[in-house]
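Asks: the sequence and its predicted three-dimensional model are supplied below.
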Amino acid sequence: MSFTFNFDVHAQSVAPGDGGGRDVIVKDKADTKHAAAAEHIKEALEHLPPSDPGGSLLADAVSETVRVGSLPPLLFLNETVLEKTASEREDEEEILSRTADERSDLISGVYEGGLKVWECTYDLLEWVDSDGETFGNKSILDLGCGAGLLGILALKRGASKVHFQDYNSTVIKQLTLPNVLLNCQEDEPEEDEGGSDSDEEGEGHKGPNDGEEGSGENPNEDLKDEATPAKKRRLTEPPQHSAPLLARCRFYSGDWTTFLALVLNDEPSPKYDIIFTCETIYNTAYYPALHHALQNLLAPDGLVYLATKAHYFGVGGGLHLFEQFVEQQGVFSLHHLWDVQDGLNRHVVGLRFKKAQPS
């Protein structure tokens with residue numbers, strides 16, 4: 001199935017602010033419509049795992065496996081099967097049927113793309129593999145998680161807690177949670193110095209330190225095609241031994257503003273050592289809420305990993321505009337970790353606080 005971004009948006013620009021308000025400069029009617037969509041409030045909810053892990057959520061599940069270098073294999077539900085069984089799934093938001101009917105991967109303010117595994121997720125997995133990042137005893141947030149592969153990786157490598165957030169509750173309940181259950185079935189977390197799965201055959205990924213510099217080839221692109229992908233398997237019985245790992249996870253839906261308010265009510269409020277976020281800066285109207293969430297949730301010495309395309313055509317956002325916004329706020333320093341020169345340029349960047357933040 002071929003999808004498109006369902007927007008008619010011209011270039012937008014952002015002005016400095018305190019990070020918590022709406023400070024987007026709107027230039028025309030198309031921008032007004034787009035900014036209004038960004039102001040749509042979707043109340044945050046926490047979603048508890050089912051009492052029977054792997055029962056109904058994984059009934060007749062068909063999973064795929066992605067392998068990147070020395071990283072442990074990651075399982076996720078087959079996208080095509082998810083689409084074909086949409087009418088049989090719980091979907092109060094009706095995003096499963098709407099995305100199919102409108103042939104769109106993005107309906108602003110309604111559905112924000114979480115049902116697909118976007119290519120920048122694979123870029124960030126490759127970067128983590130090449131950089132040797134370990135997660136032992138760290139607190140992780142997968143922000144805009146979608147399938148949740150990055151948070152799942154951290155969980156399998158020994159993170160002390162992993163929180164998953166996506167805009168849509170349907171994504172959390174029908175994709176993220178099942179994917180976590182799939183990956184918990186027989187796994188124990190790896191030791192801090194991870195990478196013990198090096199005997200697994202890789203899928204030929206070229207990471208930042210392999211082959212041509214910045215080649216960014218993505219052999220798993222076929223996983224997103226309609227053709228039958230490799231490494232597809234049907235789950236024949238519910239996962240076992242998922243409780244210990246699952247107990248380290250929490251799952252949230254809602255927009256970033258209400259999500260932030262919800263988690264800050266916890267005592268103590270969470271601070272994350274690492275925040276993953278992929279393909280989340282496509283809309284400049286979302287920058288203030290994203291920046292405000294990062295500023296309030298990142299630990300003082302924490303790191304944000306952001307994977308993004310250089311520009312999102314038809315949507316208006318991209319790395320250059322986000323860099324400008326971050327610089328204007330004066331809170332984070334932004335460093336390029338990997339610039340992928342492959343087709344439409346993609347990037348992996350890191351954000352850290354410029355100065356020590358209060359605990």
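Replies: That came in fine, so what should we check first? Residues are numbered from 1 along each chain as shown.
Asks: alpha carbons only: can I get the top helix by length along the chain in PDB?
Replies: Counting residues, the longest helix found in the chain (DSSP state H) is helix 119-131. Provided in PDB are the C-alpha atoms of helix 119-131 (Å, rounded to 0.1, in the frame of the first residue of the first chain):
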ATOM      1  CA  GLU A 119      13.500   4.500   8.300                       C
ATOM      2  CA  CYS A 120      15.200   6.800  10.800                       C
ATOM      3  CA  THR A 121      14.400   4.200  13.500                       C
ATOM      4  CA  TYR A 122      16.800   1.900  11.600                       C
ATOM      5  CA  ASP A 123      19.400   4.700  11.400                       C
ATOM      6  CA  LEU A 124      19.300   5.100  15.200                       C
ATOM      7  CA  LEU A 125      19.500   1.400  15.800                       C
ATOM      8  CA  GLU A 126      22.600   1.300  13.500                       C
ATOM      9  CA  TRP A 127      24.100   4.300  15.400                       C
ATOM     10  CA  VAL A 128      23.600   2.600  18.800                       C
ATOM     11  CA  ASP A 129      25.200  -0.600  17.500                       C
ATOM     12  CA  SER A 130      28.300   1.300  16.100                       C
ATOM     13  CA  ASP A 131      28.600   3.500  19.200                       C
END
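Asks: that one - what's its average pLDDT?
Replies: Averaging pLDDT along helix 119-131 gives 95.
Asks: just list what it packs against, helices and strands only.
Replies: helix 149-156, strand 272-278, strand 298-309, strand 332-340, strand 346-353 (3 or more CB pairs under 8 Å, 6 or more residues apart in numbering; DSSP states H and E). Backbone N, C-alpha and C define where each C-beta goes, glycine included.
Asks: relative to Leu124, how far out is Asp255?
Replies: For Asp255, the distance to Leu124 equals 23 Å [CB to CB, to the nearest Å].
Asks: who has more neighbours, the two?
Replies: For Asp255 versus Leu124, neighbours defined as other CB atoms under 10 Å are more numerous around Leu124 (25 against 21).
Asks: for that one, give me its contacts.
Replies: Contacts here follow CB atoms under 8 Å, 6 or more residues apart in numbering; on that basis Leu124 touches 150, 276, 278, 305, 307, 348.
Asks: isn't the first one right up against Cys278?
Replies: It stands for Leu150. Yes. Judged on CB atoms under 8 Å, Leu150 makes contact with Cys278 at a distance of 7.1 Å.
Asks: joint contacts of these two?
Replies: By CB under 8 Å, 6+ apart, the residues touching both Leu150 and Cys278 are 121, 124.
Asks: which ones are touching Asp142?
Replies: Going by CB under 8 Å, 6+ apart, the list of residues near Asp142 reads 148, 150-151, 154, 162-165, 276-277.
Asks: do a quick rundown of the helices in the chain.
Replies: Going by DSSP H, the chain shows helices at 29-38, 79-84, 95-102, 119-131, 149-156, 169-171, 177-184, 243-246, 256-263, 287-297, 319-329.
Asks: okay if I get those helices as JSON lines plus distance to Tyr111?
Replies: Below are the helices of the chain laid out as JSON lines (distance: least, CB to CB, whole Å):
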{"stretch": "helix 29-38", "distance to Tyr111": "11"}
{"stretch": "helix 79-84", "distance to Tyr111": "13"}
{"stretch": "helix 95-102", "distance to Tyr111": "4"}
{"stretch": "helix 119-131", "distance to Tyr111": "18"}
{"stretch": "helix 149-156", "distance to Tyr111": "19"}
{"stretch": "helix 169-171", "distance to Tyr111": "8"}
{"stretch": "helix 177-184", "distance to Tyr111": "18"}
{"stretch": "helix 243-246", "distance to Tyr111": "26"}
{"stretch": "helix 256-263", "distance to Tyr111": "15"}
{"stretch": "helix 287-297", "distance to Tyr111": "17"}
{"stretch": "helix 319-329", "distance to Tyr111": "22"}
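Asks: thinking again about what came up before, pick the most deeply packed of the helices and strands packed on helix 119-131.
Replies: Mean neighbours per residue, mean count of other CB atoms under 10 Å, is largest over the helices and strands packed on helix 119-131 for helix 149-156, with a mean of 27.
Asks: please name every helix or strand in contact with that helix.
Replies: Partner elements for helix 149-156 (3+ CB pairs under 8 Å, 6+ apart): strand 74-77, helix 119-131, strand 139-143, strand 161-166, helix 177-184, strand 272-278.
Asks: this completes my enquiry, with thanks.
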